[in-house]
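Chemist: Here you go, sequence then predicted model.
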Amino acid sequence: MDAEQDAISLDELAQAFAQVMGAPSPTADAPTVVDSPLAVANGHPPIAMEETSTETAETAEDDSGPVTPLGILEAMLFVGDRDNRPLSASRAAELMRGVEPGEIRGLVDQLNQRYALGGCPYYIADDSDGFRITLRKPFHPLRERFFGRVREARLSQATIDVLAIVAYQQPLTAEQINAVRGKPSAHVLSQMVHRGLLRIERLPGKRRTVQYFTTDRFLQLFGLQTLADLPQSEELERQ
């Protein structure tokens, strides 16, 4: 997830958790300060909300349970990104107080173990760009009933050329790809990044040079486990 584009702020998450716990929206008439567990866990000030009955507050507290880093991470994955980008470990840790990027994968493993034990139809997938909640394969037909079958699209020869160049010689800059193809490739590269088949990394320095890499989605599209499974020269000659 890009640090400059938040899918949702922690204040918004805190408001959402407060509403789930049974507290009505803030009013200007008689506000009462209520400590939101999510806000407190992340160093944010308490939220001003209208008073609720003791019974409602106790029930809400019992239903919500403690807010933990595990729960906060799950909430962020559930909310997702506006541009449907996965959540990177660095971005997740940035939004969680007292959690380092190296700890995120362990939290993801705990959540996946919980989902597996509970027979959940979803799990947290880990690709090269980060984490996202996705359906298990047996439930894909259900998704298709809601949204329709995913239409197949043909890849143009230009697209195949660019993907092949990057796959076999990555990392490459746009200038290097243009040189190998003998023609401009900016439009194709932009489309492939948008479709998640290529990703970019910026090298440190004044020019912030961009390099292109293939993604896990690229491997899935072509039925590969790793880049080592790419056809080699002898296989290509036979084909």
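Modeler: Received the coordinates, thanks. Residues are numbered from 1 along each chain as shown.
Chemist: Please count neighbours and contacts with C-alpha atoms only from this point.
Modeler: OK.
Chemist: Any stretches of this structure with poor pLDDT?
Modeler: 1-65, 83, 128, 148-153, 206, 233-239 (pLDDT under 70).
Chemist: Looking at it, which helix is longest?
Modeler: The helix spanning the most residues in the chain, taking DSSP state H as the definition, is helix 101-117.
Chemist: Secondary structure class of the closest residue to residue 170 other than its chain neighbours, three-state.
Modeler: Counting by C-alpha to C-alpha, 6 or more residues apart in numbering, residue 170 lies nearest to residue 213, which is 5.7 Å off, once chain neighbours are set aside. Following DSSP: H, G, I helix; E, B strand; the rest coil, the label given to residue 213 is strand.
Chemist: the strands in the protein, which residues?
Modeler: 31-34, 47-50, 122-127, 130-135, 198-202, 210-214 (DSSP state E).
Chemist: what sits against residue 105?
Modeler: residue 89 (C-alpha atoms under 8 Å, 6 or more residues apart in numbering).
Chemist: domain ranges for this structure?
Modeler: 10-64, 69-138, 157-238 (automatic domain parsing).
Chemist: wait, which of the strands of the chain is closest to residue 171?
Modeler: Residue 171 lies closest to strand 210-214 among the strands of the chain, at 5.5 Å (C-alpha to C-alpha).
Chemist: Please write out the alpha-carbon positions of that closest one in PDB.
Modeler: What follows is strand 210-214, C-alpha atoms only, in PDB (Å, rounded to 0.1, in the frame of the first residue of the first chain):
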ATOM      1  CA  VAL A 210      12.500   2.900 -11.900                       C
ATOM      2  CA  GLN A 211      13.200  -0.800 -12.500                       C
ATOM      3  CA  TYR A 212      10.600  -3.400 -13.600                       C
ATOM      4  CA  PHE A 213      10.000  -6.900 -12.200                       C
ATOM      5  CA  THR A 214       7.400  -9.600 -12.800                       C
END
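Chemist: what's the angle from it to strand 198-202?
Modeler: 150 degrees (axes from the mean of the first three to the mean of the last three C-alpha atoms, to 10 degrees).
Chemist: ok now do the residue nearest to residue 170, which residues does it touch?
Modeler: 166-167, 170-172, 198-201 are the contacts of residue 213 under C-alpha under 8 Å, 6+ apart.
Chemist: Residues contacting stretch 182-192, please?
Modeler: Outside stretch 182-192, the residues touching it (C-alpha under 8 Å, 6+ apart) are 158-159, 162, 174, 177-178, 198.
Chemist: so who does residue 101 touch?
Modeler: Counting by C-alpha under 8 Å, 6+ apart, residue 101 touches 89-94.
Chemist: how does it look with 6 Å?
Modeler: Contacts for residue 101 were tallied using C-alpha atoms under 6 Å, 6 or more residues apart in numbering; they are 89-90, 93.
Chemist: circling back to that earlier point, need the max-distance pair from the contacts of stretch 182-192.
Modeler: The farthest-apart pair in those, when distances are taken by C-alpha to C-alpha, is 178 and 198, at 15.6 Å.
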